[in-house]
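> got a predicted structure plus its sequence, pasted below:
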Amino acid sequence: MRKIGLQLFTVRDAAKADFVGTLKHVAAIGYTGVEAGGYLGGLPVRELRTILDDLGLTFIGGHVGVKDLNNRFEATLEDYAALGARYIGTAWLPEDYRRDVASWQRAARAMEKAAMMCIKHDITFFHHNHDMEFAMLDGRRAFDVLLDAADPLLVKAELDVYWAQFAGVDPLGYLVHLDGRAPLVHIKDMTRSEPRTFEIIGEGCIDFNAIFQAGDKLGVDWYIVEQDQCPKGELESARKSYENIVTRGWLG
């Protein structure tokens, strides 16, 4: 059975209003893991770990800012390890890290350094894309510049299929291109008509049948539902997306 998690950024307002209640709701829907988007309810790590364990939720990992890699990153890793995380990574690069090829390569070096710190905690480092990672620089995609400049054993990718599609890149083709370097895949759907925006999983134009099948062969560990904007409200969108995953046979 495929592991289906939820990026908590999807339910960010609900989580800020009632973090534990939102986790209970997420578990009741059927998700088996959660990925942090930065906010963890302000709870002590041990208390949060107990809550997650009681709910049967795996703490997959989460996102940090690239400028945080030199600011208490070791303490963050210790907290993540205590929560049972296997992954941590960046999800956005400031402009000074993406101006040109050299900037992306500098980001890769920062990520490699962070990834080396992750090793003793048995945590894998990744970078999550938006559309800017697919901009062309000297005939190459910026994402390729970044990943080619980093040791593939240290720095992985978390492929967001929506943002690949938004950038005009076939997400299935790029997943295959990553050749097993994407242990995490963000699954979010796109409306079929213009203007293109976020849609409930299974109700848009992205071919998840093909993505799930290819991802399994390429060693994807977690498929993580994320909606930057929720067409049916946060918790209902999370519920409906999971329901569609089940009814379409995508749990595997």
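Looks like it arrived, so ask away.

> strands along the stretch 51-200 of the chain, start to end?
58-64, 87-90, 124-128, 136-137, 140-141, 155-160, 184-187, 189-190, 198-199 (DSSP state E, counting those that start in this stretch).

> ok now the longest one, how far from the chain's centre?
Same thing as strand 58-64. Centroid separation for strand 58-64 versus its chain: 8 Å, with Cα atoms, centre = their mean, to the nearest Å.

> circling back to that earlier point, so can I have CSV of the strands of the stretch 51-200 of the chain showing mean pLDDT, mean neighbour count and distance to residue 39?
(C-beta placed from N, C-alpha, C; glycine too.) Converted to CSV, those look like this (pLDDT from 0 to 100; neighbours: other Cβ atoms under 10 Å; distance: least, Cβ to Cβ, whole Å):
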stretch, mean pLDDT, mean neighbour count, distance to residue 39
strand 58-64, 97, 23, 10
strand 87-90, 98, 24, 15
strand 124-128, 98, 23, 17
strand 136-137, 96, 13, 33
strand 140-141, 98, 16, 31
strand 155-160, 98, 25, 19
strand 184-187, 98, 25, 18
strand 189-190, 98, 20, 24
strand 198-199, 97, 20, 20
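
> relative to residue 9, which of the ones you listed is closest?
When these are ranked by distance to residue 9, counting by Cβ to Cβ, first place goes to strand 58-64 at 8.3 Å.

> what about the nearest residue to residue 198 once chain neighbours are set aside, distance to residue 53?
The shortest distance from residue 198 to any residue other than its chain neighbours is 4.8 Å, reached at residue 229 (Cβ to Cβ, 6 or more residues apart in numbering). Distance of residue 229 to residue 53, given as Cβ to Cβ, to the nearest Å: 31 Å.

> cool, and residue 147?
Residue 147 sits 34 Å away from residue 53, going by Cβ to Cβ.
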